[in-house]
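J.: I would like the atomic coordinates for the input below:
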Amino acid sequence: MQSASPSPDRYTRFAEIGRDLFLSGQITSHGGNLSEREDDTIYITRTGSQLGRLRAGDIVAVPVEGFAGSDAGASSELVVHRAIYRANPEVGGVCHAHSMSAVLCALLGDKVEPLDSEARFLLGGAPVPVLEAVQTIGSEQVAELMSEALGAGDGAKAAGKVPVAILRGHGPFAAGATLEDAYRWVSVLEYSCKLILRARQLA
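T.: Down below sits the predicted model:
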């Protein structure tokens with residue numbers, strides 16, 4: 001597979017979410033990564049791309065199963081995205097950010113218990129798990145941890161899976177039926193973590 005020629009809708013979706021992540025301070029200039037699955041193909045941001053300034057050539061197509069020459073051009077977190085898709089056929093989009101408040105909250109314990117009603121409602125009362133790995137960037141260990149923790153929809157919830165988890169020292173990964181859903185989870189988590197940190201300051 002070669003670099004994708006994304007449809008206008010896909011490119012717009014990636015570009016808008018990438019820009020929102022950057023403007024909200026949840027990624028650095030070249031941080032984070034996004035992906036979508038369509039049938040047997042993963043569309044994922046290119047390694048070293050700027051999510052806040054994505055171009056059509058910054059979206060790479062790789063297979064869900066097996067490997068291709070285009071893997072080399074994909075995000076360094078491809079191994080994690082691919083594992084999430086392989087383990088969860090209901091997942092259609094994955095979002096990974098370096099959200100500062102979420103990273104800080106993950107240093108305080110092994111789970112994040114939201115204080116706000118939106119996060120509690122959307123998560124069904126479940127805490128957000130904090131996962132830990134020796135190698136935090138693009139590792140098989142993270143791929144295994146995230147593919148076991150994340151899922152989308154009622155079936156995943158019934159299996160004890162959650163839509164978003166934080167890798168300690170690195171940031172959140174979120175899975176959704178769509179990429180927009182995955183981005184929503186990252187956004188909800190960051191707002192919730194800001195509230196938690198502020199509440200701790202006031203206490």
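J.: make it CA atoms for all contacts and neighbour counts henceforth
T.: Noted.
J.: Provide the contact partners of the lowest-mean-pLDDT helix or strand in the chain at residue level.
T.: Least confident helix or strand of the chain, by mean pLDDT, DSSP states H and E, is helix 153-158 with a mean of 81. Outside helix 153-158, the residues that touch it by Cα atoms under 8 Å, 6 or more residues apart in numbering are 90, 150, 151, 162, 176, 177.
J.: With just CA atoms, put it into CSV.
T.: C-alpha atoms of helix 153-158 as CSV (Å, rounded to 0.1, in the frame of the first residue of the first chain):
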residue,chain,number,x,y,z
GLY,A,153,-20.3,0.3,22.3
ASP,A,154,-22.4,-1.7,24.7
GLY,A,155,-20.8,-5.0,24.0
ALA,A,156,-17.4,-3.6,25.0
LYS,A,157,-18.9,-2.1,28.1
ALA,A,158,-20.4,-5.5,29.0
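J.: all helices for this protein, in order.
T.: 8-23, 78-87, 100-106, 117-123, 140-149, 153-158, 179-202 (DSSP state H).
J.: Mean neighbour count and distance to residue 33 added to these, as a markdown table?
T.: Putting the helices of the chain into a markdown table (neighbours: other Cα atoms under 10 Å; distance: least, Cα to Cα, whole Å) gives the following:
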| stretch | mean neighbour count | distance to residue 33 |
| --- | --- | --- |
| helix 8-23 | 18 | 8 |
| helix 78-87 | 22 | 9 |
| helix 100-106 | 22 | 16 |
| helix 117-123 | 15 | 23 |
| helix 140-149 | 20 | 14 |
| helix 153-158 | 13 | 22 |
| helix 179-202 | 18 | 11 |
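J.: All set now, cheers.
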